[in-house]
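Peer 1: Below: sequence and its predicted model.
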Protein chains: 2
Amino acid sequence: MTTNPTLVEVVRGDIVESRHVGRAVVMDAQGQVRWSCGDIEELTYPRSALKAFQALPMVASGAADRYGFSDQQLALACASHNGEVSHHDCAAAMLEQLTLDAEDLECGWHWPMSDVATRELVAQGITPDALHNNCSGKHCGMLALASHQGWPTRGYVELDHPVQQSIRKAIEVCWGVDLERAPVALDGCSAPIWAVPLRALAQGFARLAAPASLPDQYQAAATRLLNACLQHPWYVAGSDRFCSRLMTELGDQVFVKLGAEGVYVAAIPSRALGVAVKVDSGDIKAVEVAIANVLARLGLPVSGAFTRPDIRNRKQRLTGHYQAATALSSPLAL
Amino acid sequence: MTTNPTLVEVVRGDIVESRHVGRAVVMDAQGQVRWSCGDIEELTYPRSALKAFQALPMVASGAADRYGFSDQQLALACASHNGEVSHHDCAAAMLEQLTLDAEDLECGWHWPMSDVATRELVAQGITPDALHNNCSGKHCGMLALASHQGWPTRGYVELDHPVQQSIRKAIEVCWGVDLERAPVALDGCSAPIWAVPLRALAQGFARLAAPASLPDQYQAAATRLLNACLQHPWYVAGSDRFCSRLMTELGDQVFVKLGAEGVYVAAIPSRALGVAVKVDSGDIKAVEVAIANVLARLGLPVSGAFTRPDIRNRKQRLTGHYQAATALSSPLAL
C-alpha cells in the first residue's frame, strides 16, 4: 500500500483501466511549499530533470563563453534529445569547439529516442554513436567544464572527478540540500545522480525560475541557460516530444523537463514558482499528463491535448484517454 | 490512494526509485481462490492475455482442422508476436490456407514489437503490413472461424459480428461470467474486449490448465491450444521476449501470456492452477517481474533473471534491479 494519491487515470471505454499514484509539489523561490500532494520528503532521483543544474557550473565557470557555445548548444546541454540529425550535429559542433570527439564522451550509445530518427539512420546504413545518446549535449557540457578548468577529460563521469563535485556543489547551494549522506547512484549515461526529497527538486526549479534567488555566482549562468531552453525548446527534446511541444505551446512562459522513471520539473519565471512531480510507477506518459495538469491548475493555458490526451489504436480509432485524478483536478489559487 | 499493495519495486543504487502497486490471484479449476492480494474483484480488461480464449471457438468449430493449421499456427493465434520474419510468414501461410490476404485483416499495422525486426525491415526497405501486427495470428484465427462458418469475413472485429459473439460466449461459459452488462471497449487491434473481475480471468486460466474442467465442447480445443503454446513458445511472443523465454526455461510446465496495460496470466497444468496479475500502472516490465515471483512462490523453478532482473545502463554498468515487494516475497504453500 502507499499513502500517495492517484495522480493520473488511464480510461478505456467507460472505465479506468490503469492508474498512476505519485506525488507533486509547487514551491516558491522563498522556500515555501505552495501546494503539494503525497510524500514530498521521499528521496527521489531527479534523473534527467536535473540537466540544467548539471550544465550550470560549466556556464558559471566561463567555459560556455570560452568555447563560444550558442544558445542552441546550451539548450542541448540541458536536453534529453531525440538524436535527430540537428541534435547530433549540434553536439558534434560542441566537441569540435573543444577539439575533442565522440570517443571522449563517456555516456555510451543507444539508438535515437526518436523512432523516426532511428529508422532514418538504419535506412542510410548509419550506426549510431555516442552523439546520438539523448545525454550527449550534457556530456559535451561536462567535457567543456573539464577542458576549461584544465582537469582531465578522461573519467569525467566518475563521482570523485572535479566536474561531478562541481555539479554536486551547485546542487547543494542552489537547492539547499546537503548531499554528503545522500544516496548516490549511476544514471543511464553513467553520470552520478543524487537522491533528494522531491520538495528540494521543486525548490531548485523555483530558484531557476527566479535566478536572483540563487547564489551570486550562478545567477547569470542560470538566466542564460533558462532563456536558451525557453528560446530553443526543440533542442531540449525534439520533434513530437512533450517537453518541446509544451514549451512551444506556452511560448516562453515555462521551462519543463522530463526525467527517467516518471519525474517532471517545471520552472515558471512569471510566477517565480517551481514544480516537481514523480509518478511512482516511472511511467513517462503518465507524468507528462500529471505535469500538464499541475500547470493548468496554476492557470497556465495548457490545452486538452496535454491535459487529457486521446488514446487511439492501430486503426486510429479512439479507444480511451488519460485524465487527471481527483488530486490534480481542481484549480489552485496560489 | 489505493488499497492495492506494492507488488514490485525498482531499485537504483541503494534505494527504491519506483514502485508498482497492483493485484494478483491464484485460482484452482474448482473455482476456489487459493491466494490473492489487492482488489481482485475490480473490473479489468484482459487485453492480449485473453488470446487463447479468442482462438478457442475457432479450434472448437473445426476450422483449425479444415484449414490444416499447424501447432505453430495455433500458437501464433494465441500470440502477441514480435513481427519477426517467421511470425510474419506463419501468419501469411494461415491466410493462404484461407485463400485470403493481408488486406482482409482488420487489425491495422504497426512496426514490429521487436526493435531488431523493425531495423531489419527498414534496412531491407520493407514497409510493414498488417501481418507484422503482433495480433495478426489472432486475426487470422478470427477470419478462419468466419470462413469456416460461412459468415462474412468483412467486419469480423465488430462487436455484433458472430465471430465476436462466439468469443463472448466461450468466455462466459469457460470463466463463469455474464458479459451482458460488462464494460466493453476496443482493443489496440480493434477487436472488442470485455472487462471482468481479475478473479474471473484467473479462473479461466485455471480451467485452461485443466481442460477437463471446461464445458465439453471446448475441452479438446483447449488442450490442443495449450499444448501448441507449450511446445512452440517462440510463436507466442518471440526472440528475447519474456513469455517465450520463461516458457522455454520452464519446459512445458506453464503457459504464460502478457496483456497490454500490465496484465499477465499463467496456466499451470500440473497443479491445475491459474494465475492473473494486474499492475495498476500498466507497466510491462513490472508485471513480468510480478508474474515471475508469483510462479516462483508456487514452487516453480523460475530463475533470478526473471524474478530479480538487473538494470544496466548504456555502458552495461549495473545500476539497479527489479525485486518483489513484501506482498510477493514469501513462499505460498498451496
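Peer 2: Received, thanks.
Peer 1: State the distance from residue A:288 to residue B:282.
Peer 2: Counting by C-beta to C-beta, to the nearest Å, the gap between residue A:288 and residue B:282 amounts to 14 Å. (Each C-beta comes from the backbone N, C-alpha and C, glycine too.)
Peer 1: make that residue A:62, sorry
Peer 2: Distance, residue A:62 to residue B:282, by C-beta to C-beta: 47 Å.
Peer 1: Residue A:197 now?
Peer 2: 27 Å.
Peer 1: So if I had to pick from these two, which one is more boxed in?
Peer 2: Ranked by neighbour count (other C-beta atoms under 10 Å in any protein chain shown), residue A:197 and residue B:282 place residue B:282 first, with 25 against 19.
Peer 1: ok, the more buried one - contacts?
Peer 2: In this structure, residue B:282 makes contact with A:10, A:17-18, A:281, A:283, B:260-262, judged by C-beta atoms under 8 Å, 6 or more residues apart in numbering or on different chains.
Peer 1: can you check residue A:107 too?
Peer 2: Under the criterion of C-beta under 8 Å, 6+ apart, the neighbours of residue A:107 are A:130, A:133, A:135-136, A:138-139, A:157, A:189-191, B:314-315.
Peer 1: now that we have the contacts of residue B:282, which one has the most neighbours?
Peer 2: With neighbours set by other C-beta under 10 Å, the maximum within the contacts of residue B:282 is found at residue A:281, which has 31 neighbours.
Peer 1: Quick check: closest non-adjacent residue to that residue.
Peer 2: Spatial nearest neighbour of residue A:281, excluding adjacent residues (C-beta to C-beta, 6 or more residues apart in numbering or on different chains): residue B:281 at 3.3 Å.
Peer 1: and that neighbour, what is it in contact with?
Peer 2: Applying C-beta under 8 Å, 6+ apart, one finds that residue B:281 lies in contact with A:18-20, A:280-283, A:286, B:20-22, B:262.
Peer 1: Pipe the residues you listed into TSV and attach pLDDT per row.
Peer 2: Below are these laid out as TSV (pLDDT from 0 to 100):
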residue	pLDDT
A:18	98
A:19	97
A:20	98
A:280	98
A:281	98
A:282	98
A:283	98
A:286	98
B:20	98
B:21	97
B:22	98
B:262	98
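Peer 1: ok, which stretches of the stretch 201-334 of chain A are strands?
Peer 2: Under the criterion DSSP state E, counting those that start in this stretch, the stretch 201-334 of chain A contains strands at A:255-259, A:263-268, A:273-279, A:310-312, A:318-324.
Peer 1: Tell me which of these is the most buried.
Peer 2: Neighbour counts averaged per stretch over those are highest for strand A:273-279, at a mean of 29; criterion: mean count of other C-beta atoms under 10 Å in any protein chain shown.
Peer 1: where does whichever residue of the stretch 201-334 of chain A sits closest to chain B land on pLDDT?
Peer 2: Proximity to chain B, evaluated over the stretch 201-334 of chain A using C-beta to the nearest C-beta, is greatest for residue A:314 at 2.9 Å. As summarised for this prediction, residue A:314 has a pLDDT of 95.
Peer 1: didn't it look like it was pressed against residue B:134?
Peer 2: No - with the criterion set as C-beta atoms under 8 Å, residue A:314 and residue B:134 do not qualify as a contacting pair; they are 9.6 Å apart.
Peer 1: Mind checking which of the two has more residues around it?
Peer 2: Of the pair residue A:314 and residue B:134, residue B:134 is the one with more neighbours under other C-beta under 10 Å, namely 26 against 19.
Peer 1: Now the more buried one: closest residue in space, sequence neighbours ignored.
Peer 2: The spatial neighbour of residue B:134 that comes closest, neighbours along the chain excluded (C-beta to C-beta, 6+ apart), is residue B:80 at 4.4 Å.
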